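Quick one: sequence plus predicted model below, questions after.
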Amino acid sequence: MNPSGERPILEARGLTRRFGGLVAVNNFSFSVHEGAIHGLIGPNGAGKTTTFNVISGFYAPTAGQVLFRGLDISGRKTSALAAMGLVRTFQGSTLFQEFSVLDNVRVGRHLGARAGFIGRLIGTDRLSERAADAKAMETLDFFGLQELAGEPVSNLPHGHQRMLGMAVALAAEPRVLLLDEPFTGMNPEETRRMMALVRRIRDRGVTIILVEHDMQAVMNLCDIITVMNFGALLVEGAPEMVRNDPAVIEAYLGSTDGAGHAS
């Protein structure tokens, strides 16, 4: 998964992001290798969400670089990054509540679509559009949502909306999928189901980076974990090493037993 000398699929080099006098991310570097499930964690205010926002094009870096497949993508728009294969989900719902489940996934298909909107408009791209619809239904089937295809999103319970958000992102055919707190608000059964889906997505060839507070999920799901504190790198390594690292335990100040004892 991480052969020696293999170029990372995603890198942050000396990443810094300031908001006025506040330094939210401070000369932070890390790399993600293809095929990994890579966790980015840290106490509240550590800078992980800001890092995610810079990587995904929501903010431009104040200094430093973001590289995707060796290309400097620093400051590019989220739509351009999605077309390149770097797709991000959001902690809050960004679904179209009045649209059907299927229509939301169609929107996701267009995020990563190479075919032009003009072609679709004048009807020269109908074959491609039919193929996109078939892929959208296949994506719903992957998440077990196919029977809800015609339902308005507003009718879905929280857990189903979270899965649909993932389906929309996967429909864009990402190479790298950035998951922003995918387990927030889920009960233990929903969390287990979502963890299984994340593994299946990785098995389809998608590299995954996730920011998450559910330490038990992180420890059981991730191949490698990067821990931030005060905007900088604290520790990086395999879950077992991170779990038992004194600096990590101290950073969390016992606020989550999972930092030291997740199983």
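That came through, no problem.

Now do the domain split for this structure, please.
Per automatic domain parsing, the structural domains of the chain span 1-85+176-185+206-263, 87-173.

By mean pLDDT, show me the worst of these.
If the domains of the chain are sorted by mean pLDDT, domain 87-173 sits at the bottom with a mean of 81.

tell me the phi and psi of residue 21?
Dihedral pair for residue 21: phi -90, psi -10, per degrees, to the nearest 10.

just residue 89 next, same as before
Main-chain torsions, residue 89, degrees, to the nearest 10: phi -90, psi 160.

To residue 192, which of the domains of the chain lies closest?
Closest of these to residue 192 is domain 1-85+176-185+206-263, at 8.8 Å (criterion: C-beta to C-beta). Yep, even glycine has a C-beta here, placed from its N, CA and C like the rest.

What segments of the stretch 1-150 of the chain are helices?
Assignment of helices within the stretch 1-150 of the chain using DSSP state H, counting those that start in this stretch yields the ranges 48-55, 78-84, 101-112, 117-121, 126-142.

Export those helices as a markdown table, with columns for mean neighbour count.
Putting the helices of the stretch 1-150 of the chain into a markdown table (neighbours: other C-beta atoms under 10 Å) gives the following:
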| stretch | mean neighbour count |
| --- | --- |
| helix 48-55 | 24 |
| helix 78-84 | 17 |
| helix 101-112 | 21 |
| helix 117-121 | 11 |
| helix 126-142 | 16 |
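
closest to residue 195 out of the domains of the chain?
From the domains of the chain, taking C-beta to C-beta, the stretch that ends up closest is domain 1-85+176-185+206-263, at 5.3 Å.

which residue is nearest the middle of this structure?
What sits nearest the mean C-alpha location of the chain, by C-alpha atoms, centre = their mean, is residue 178, with 1.6 Å.
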